[in-house]
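J.: mind folding the following:
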Amino acid sequence: MENSQYYSSLEEYLIPMDEFLSKREYYIQKLKLPEKAEEFIRQLKNELKELLGYDVLPSRIEELTDLISAQMKPVSIIDILVDVDKLLGFLDMFETIGYKEGMTREEKAKRMIATLLCYGCNIGPAQTERSTGISSASVLYMRRRYCSEENLLKVVGYISDCQHKTWLAYVYGDGTGFITDGSIYSAPKRSMHTEPHFRYPKVKGIISYPLISNQYVALITEAITCSQYEAIQMFEAIFKQKSHFPLLKNYSDSHGQSLLAFAFARLLHIELLPRLRTRKHKMLYKASKEDDYRNLNSAIHGVIRWEYIQRH
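T.: Take a look at the predicted model:
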């Protein structure tokens, strides 16, 4: 009977023990295996230790690390901000929400760099005052008056466009691909936005949802509640970010695995590439009954209902 081997005894499909013992030594020598099981286990352990052991790195890795370290000396974040401002003048894009500015360009640059260091590195106004000499009151003032969401997105988009024109950016990617994925962070329990996540019910917090270009530039990062559908935020982030080069490929987590997400991405000319989970439950469809995909025919479950797509 067909498939009867799945219901009968497994021993019936094995060779007799006498025949196995008579041929055992021959096949051990043929396959170059150890005769004793203890030796075989020892070889496996040594092989795993060699492959997975991180305590001793290969000499070439250490040589490469030393070479990179020799070429890339430690640089102050403040020096980087000052150099980028000299090249691009991005600090001038931080406009006040008031009617006029009561400080010189030099004084504004000092306070703005200290503010970016404070909140970009999450060190706080008090520590920033001890590190830079700019008072914490000035840091808080600059944040309220200059660090609006519109200003921050405008500056990030401008710097991203400028980096996109450099040769180094194309070493990473062409700039048309981007990654979207959320990470949950704990937040004060009394906050109105703090919620438990359905995947992590023991953790109450918020989700940090970034949109990162394949040139390693964070175009936008937003905080959303745990109950918000991440696939919706995936498209909202595209519209909110201010860079001008096209975003055509979205590498998302499994939240992008949705028929509606695929439909919206198609309409926006975005190639949606989500991580697929539970692949064994996924079904393939072909365009018409006449199509022949040879080796894939047995895995195809049906034909696409084009009339549904046309109707909706």
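J.: now residue 33: which helix or strand?
T.: According to DSSP states H and E, residue 33 maps onto no helix or strand at all.
J.: verify the stated contact: it with residue 44.
T.: No - using Cβ atoms under 8 Å, residue 33 and residue 44 do not qualify as a contacting pair, with a distance of 11.3 Å. Heads up, the C-betas are built off the backbone N, CA and C, glycines and all.
J.: longest strand anywhere in the protein?
T.: Looking across the chain with DSSP state E, the single longest strand is strand 204-213.
J.: and the next element down the chain from that strand?
T.: strand 218-225.
J.: buried set for that following strand?
T.: Taking 16 or more other Cβ atoms under 10 Å as the basis for neighbour counts, the residues of strand 218-225 that come out buried are 219, 220, 224.
J.: for those residues, which one is nearest residue 187?
T.: Top of the list for closeness to residue 187, among those and by Cβ to Cβ, is residue 224 at 11.9 Å.
J.: and the average pLDDT for the host helix or strand of residue 86 is what?
T.: Per DSSP H and E: residue 86 is located in helix 77-88. What helix 77-88 shows for mean pLDDT is 93.
J.: next secondary structure after that helix?
T.: Of the helices and strands lying after helix 77-88 in sequence (DSSP H and E), the nearest is helix 105-120.
J.: what's the angle between that following helix and helix 77-88?
T.: Comparing the axes of helix 105-120 and helix 77-88 via axes from the mean of the first three to the mean of the last three Cα atoms, to 10 degrees yields an angle of 130 degrees.
J.: can you list contacts of helix 105-120?
T.: The contact list for helix 105-120, computed with Cβ atoms under 8 Å, 6 or more residues apart in numbering, reads 77-78, 81-82, 85, 91-92, 94, 101, 103, 123-125, 127-128, 131-132, 134, 138-139, 141-143, 146-147.
J.: if you set the cut-off to 6 Å instead, what comes out?
T.: Residues from elsewhere that reach helix 105-120 (Cβ atoms under 6 Å, 6 or more residues apart in numbering): 81, 91, 94, 125, 128, 132, 134, 138, 139, 142, 143.
J.: also stretch 271-286?
T.: Stretch 271-286 has contacts (Cβ under 6 Å, 6+ apart) with 249-254, 256-257, 262, 265, 299-304.
J.: re the thing from before, helices or strands up against the longest strand of the chain?
T.: Using 3 or more Cβ pairs under 6 Å, 6 or more residues apart in numbering; DSSP states H and E as the contact test, the elements touching strand 204-213 are strand 177-180, strand 183-186, strand 218-225.
J.: switch the cut-off to 7 Å
T.: Using 3 or more Cβ pairs under 7 Å, 6 or more residues apart in numbering; DSSP states H and E as the contact test, the elements touching strand 204-213 are strand 177-180, strand 183-186, strand 218-225, helix 230-240.
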